[in-house]
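1. From the sequence below, what's the structure:
(3 chains)
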Amino acid sequence: MDVNPPHADDTLLASLTDAQREAVEHMEGPLLILAGPGSGKTRVVTHRIAHLIRQGVPSRNILGLTFTNKAADEMRQRLARLVPGQPPWMGTFHGFCSRLLRRHGPLVGLAENFSILDTTDSRRMLKNAIKEAGITLTHTSLDAIRDEISWAKSRLMLPDDYQPRLGQMVGDLTREIYPVYRRLLLETNSVDFDDLLLHVGTLLSDSESVREELDQRFRYILVDEYQDTNMVQYAIVQKLSMTHRNLAATGDPDQSIYGWRGADVSNILRFEEDYPEVKVVRLERNYRSSKCILRVADALIEHNQHRKHKELYTRNDEGQPVRLVRYMTGHDEADDVANQVAAAVASGDRQYRDFAIFYRVNALSRALEHALRRLQIPYQVVRGLEFYQRKEVRDLLAYLQLLNNPRNDVAFQRIINMPPRGIGKKSLEHLERHARRHRISFFDAAGEVGLIESLTRRASVSITKFVAIISGIAADPDQDLAELVARVATESGYREFLGEKEESLDEDRLANIDELISAAREFDEMFPDEGLERFLEQTALVADIDKLDPDPDQVTLMTLHAAKGLEFPTVFIVGVEAGLLPHERSRDDEMQCEEERRLLFVGITRAEQELQLSYTRRRMMRGTHRTAIASEFLLELPRGEMEMIEPPGEADYPEGLAVSADNFIDGGPADRFDGIDDPHPASENLDRDSLVENLSARLTTAAAMARDGLEPSTGGMAPEDYSEGMLVEHPRYGPGRVMELSGKGPKRTATIKFFSGEEKKFRLAFAPLAAIVE
DNA sequence: ATTCGCAAAGTTTTT
DNA sequence: CTTTGCGAAT
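-> Model (predicted):
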């Protein structure tokens, strides 16, 4: 059978637009595809690969790099439909680098059976490093150091090159700890996520022969989501396309949402400088969303100052207006969203799978899950790591890690006394000291307990038993993976340990262990030749989104970050509130704020036909509830053409005290605390929130309001206008009373006692406070 | 050494 | 509200 009928390529090309075809037919030389949301980017990329293959390029010479396994899988599948046969290498950056390191690890000091530490394990390792360096952290958190090291690594900085970020107190500590951390990683034959990339980066600069070989091998490279690459990824890709400059990058600067992880948008902007002969293709026509939705998205993103203008358009229908809804509480929000889903499905217009609900932080999923469950609506939360985060699963995996790489001290630490076998902190410390002194791994130290005099007899015996268990399991190299996991569960005593206790919790745990065994079996069946190493690699490198199952008819819940690359007929974005989106921690930084705006942009552009944005007036967070305020981003939307809704009936008011929407505007029960005079009674309800919120005195908000013809009313209050006893409201702490005033001008400070009981001091010139008119 | 209990802390986004 | 971590009791 001819897998390449001569006409196939023509048909393939015929279904594309001019711009798309231009990209698809491009063969030699660098290519930059700037693809707006919903512009058929994946289609173009897969078709281009298919085209390359049809033109005779062997698929082994093609490399496709994505950010998630899901994206890679999808491309692989779509490609398989176009050109059957051996697919090219498609995978994540991290997966690709891991595979390279298995082969070339020795060049950077790693044995091929190195372990990949996830966030938790690397934290543990860092703890060891800090201890080893003889440092006790006082005013700096472990995570601050971790972030700093991670940041340095993402900028290709080794300990010797390390330059602290300006004004970082952690800089000095990091300078001391980073070298030790790195040394421990190498000594234990382990890498963290950043290392996967960094080692490959240095490998490619240090070894010209390896670089050359790989450059030859991967003649055509495609990088997806290029706007989210960091400097290391940039360097890797660049090194691999020196001889063959066939680098194709696709991306959209407006969808760059991983700056916090070290991604550098300037990579995409620099592309044209690095490859002057680049062919740039712009895909601006949107095939996904209705006109209404696209206009909202466009209006929002136009507010980003650091951005090249881009014309997005669609020939899709006008569609329904985007809904902007205000709820009383997060509960009401969740209930109403669930009701809407149920109603649409009941009427036959929609299936569950047509809906997605997005939020900024995972914490918001709880209320939604609750509401959906109550209506018996099937749903899936894209938070796949959960299973691998379970204690019992992690414990068992640690056994496997140790079996695979006996130098993995972190794994050793985790399981040496799990299940409890009488080896406590003291014994472990003796063991550790011995290991450090002789520069051997914990496991090797455990093998020579006879030499450690400080250990008690009891501990020595236990440790020796432990070593015997591990060695016993390791002795049989032929066992398949499922068998191996099962043996570990049994022979480690873990199963028995859980079985003894008769608690339902432990039954769950036993079930999880069995599930891990099934996962191992599944892996065996799918990749019979891949070993333990690959199984562990796979468990370490899964992302949340990878667990998304497109098959079942379920509503999908996920963070905005996870939503990238997906599309749904109906989208709800909840919690569009100040402090949440943009997130509090981005508030003070203009660049970060723009990233938050892009995040909302990404969310909006996932919607095909219907979109609802919502916010609440009060939201329960970490036990207590706080007054919520509409996000400043909502002021940037074309509200005139949107549908503004406030559902009546607020569950938390006593029956009989039904409150109509109008009452809220005029100061119904709910407005007890924020009865500010509304100078624009005729304007949309949102404006009243904006009055409270403009207090936060963000420039963007002020600008937005100026455009909307709104006067900031209370926000402009001078520090001298405050008086003791005055009622004020703070966007974060809610209402409170001014207790004390001191200072003058910009230094004027107020002590405010909030109704929550908290007492805080504020510099009035800067504090986002609003006076409440009594 | 283990276990239990309480207190504190801390909560963005993820490979 | 939940989880993590630490300290005291057994």
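
2. dump the residue contacts of the residue of the stretch 201-350 of chain A found nearest DNA strand B.
-> Here the stretch 201-350 of chain A gets closest to DNA strand B at one residue, residue A:260, 3.8 Å apart by CB to the nearest atom of the strand. Yep, even glycine has a C-beta here, placed from its N, CA and C like the rest. By CB atoms under 8 Å, 6 or more residues apart in numbering, the contact list for residue A:260 reads A:592, A:595.

3. Can you check what pLDDT the model gives it?
-> Listed pLDDT for residue A:260 reads 86.

4. Give the helix, strand or coil label for it.
-> Following DSSP: H, G, I helix; E, B strand; the rest coil, the label given to residue A:260 is helix.

5. State the number of residues packed around the closest residue to DNA strand B within the stretch 101-250 of chain A.
-> Per CB to the nearest atom of the strand, the residue of the stretch 101-250 of chain A with the smallest distance to DNA strand B is residue A:193, at 3.8 Å. Residues near residue A:193, counting by other CB atoms under 10 Å, number 21.

6. Now for the nearest residue to it once chain neighbours are set aside, how many residues are close by?
-> Nearest residue to residue A:193 in three dimensions, chain neighbours excluded: residue A:94, at 6.5 Å (CB to CB, 6 or more residues apart in numbering). Applying other CB under 10 Å, we find 23 residues neighbouring residue A:94.

7. so, in contact with DNA strand B or not, the helix or strand that residue A:94 is a member of?
-> Here residue A:94, judged by DSSP states H and E, is contained in helix A:93-104. Yes - with CB under 7 Å from any atom of the strand as the criterion, DNA strand B is reached by helix A:93-104 at A:93-95.

8. Whichever helix or strand comes after that helix near DNA strand B at all?
-> For helix A:93-104, the following helix or strand on the C-terminal side (DSSP H and E) is strand A:115-116. No - using CB under 7 Å from any atom of the strand, strand A:115-116 never reaches DNA strand B; the gap is at least 9.6 Å.

9. ok, and what's touching strand A:115-116?
-> With CB under 8 Å, 6+ apart as the criterion, strand A:115-116 contacts A:98, A:188-193, A:196, A:401, A:404-405, A:408, A:410-411, A:536-537, A:540-541.

10. and with 7 Å instead?
-> A:98, A:189-191, A:196, A:401, A:404-405, A:408, A:537, A:540-541 (CB atoms under 7 Å, 6 or more residues apart in numbering).

11. Give me the buried positions along stretch A:128-137.
-> A:128-130, A:133 (16 or more other CB atoms under 10 Å).

12. Average pLDDT for that stretch, rounded please.
-> 84.

13. Stretch A:481-496 now?
-> Averaged across stretch A:481-496, the pLDDT comes to 90.

14. just stretch A:364-373 next, same as before
-> On average, stretch A:364-373 scores 90.

15. Off-centre distance for it?
-> Relative to its parent chain, stretch A:364-373 has a centroid offset of 20 Å by CA atoms, centre = their mean, to the nearest Å.

16. ok, back up a step: switch the residues of helix A:93-104 next to DNA strand B over to JSON lines; also include pLDDT and distance to residue A:446.
-> As requested, the residues of helix A:93-104 next to DNA strand B are arranged in JSON lines below (pLDDT from 0 to 100; distance: CB to CB, whole Å):
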{"residue": "A:93", "pLDDT": "94", "distance to residue A:446": "36"}
{"residue": "A:94", "pLDDT": "94", "distance to residue A:446": "31"}
{"residue": "A:95", "pLDDT": "93", "distance to residue A:446": "32"}
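
17. Could you tell me which residues of the stretch 551-700 of chain A lie near DNA strand B?
-> So the stretch 551-700 of chain A meets DNA strand B at A:559, A:561-562, A:583, A:585-586, A:621-623 (CB under 7 Å from any atom of the strand).

18. brain fart, the stretch 351-500 of chain A
-> Close to DNA strand B, as judged by CB under 7 Å from any atom of the strand, the stretch 351-500 of chain A has residues A:360-363, A:385, A:417, A:420-427, A:456, A:459.

19. Let me know the closest of those to residue A:753.
-> Minimum distance to residue A:753 across these is 27.8 Å, recorded for residue A:363 (CB to CB).

20. Look up how far residue A:358 lies from the closest residue to the closest one other than its chain neighbours.
-> Nearest non-adjacent residue to residue A:363, counting by CB to CB, 6+ apart: residue A:621, 7.2 Å away. Distance of residue A:621 to residue A:358, computed by CB to CB, to the nearest Å: 18 Å.

21. And the two? Which one has more around it.
-> residue A:358 (30 against 16).

22. Can you list phi and psi of that one for me?
-> For residue A:358, the backbone dihedrals (degrees, to the nearest 10) come out as phi -110, psi 150.

23. how far does the helix or strand encompassing residue A:293 sit from the chain's center?
-> Remark: residue A:293 resides in helix A:291-301, with elements defined by DSSP H and E. Chain-centre distance of helix A:291-301: 24 Å, with CA atoms, centre = their mean.

24. Quick one: mean pLDDT over that helix.
-> pLDDT averaged over helix A:291-301 gives 96.

25. contacts for it?
-> Taking CB under 7 Å, 6+ apart as the rule, helix A:291-301 contacts A:254, A:286, A:312, A:314, A:316-322, A:597, A:600-601, A:604-605, A:607, A:611, A:633, A:636-638, A:642.

26. For stretch A:615-627, list every residue counted as buried.
-> Applying 16+ other CB under 10 Å to stretch A:615-627 flags A:615-621, A:626-627 as buried.

27. pLDDT (mean, whole number) over it?
-> On average, stretch A:615-627 scores 84.
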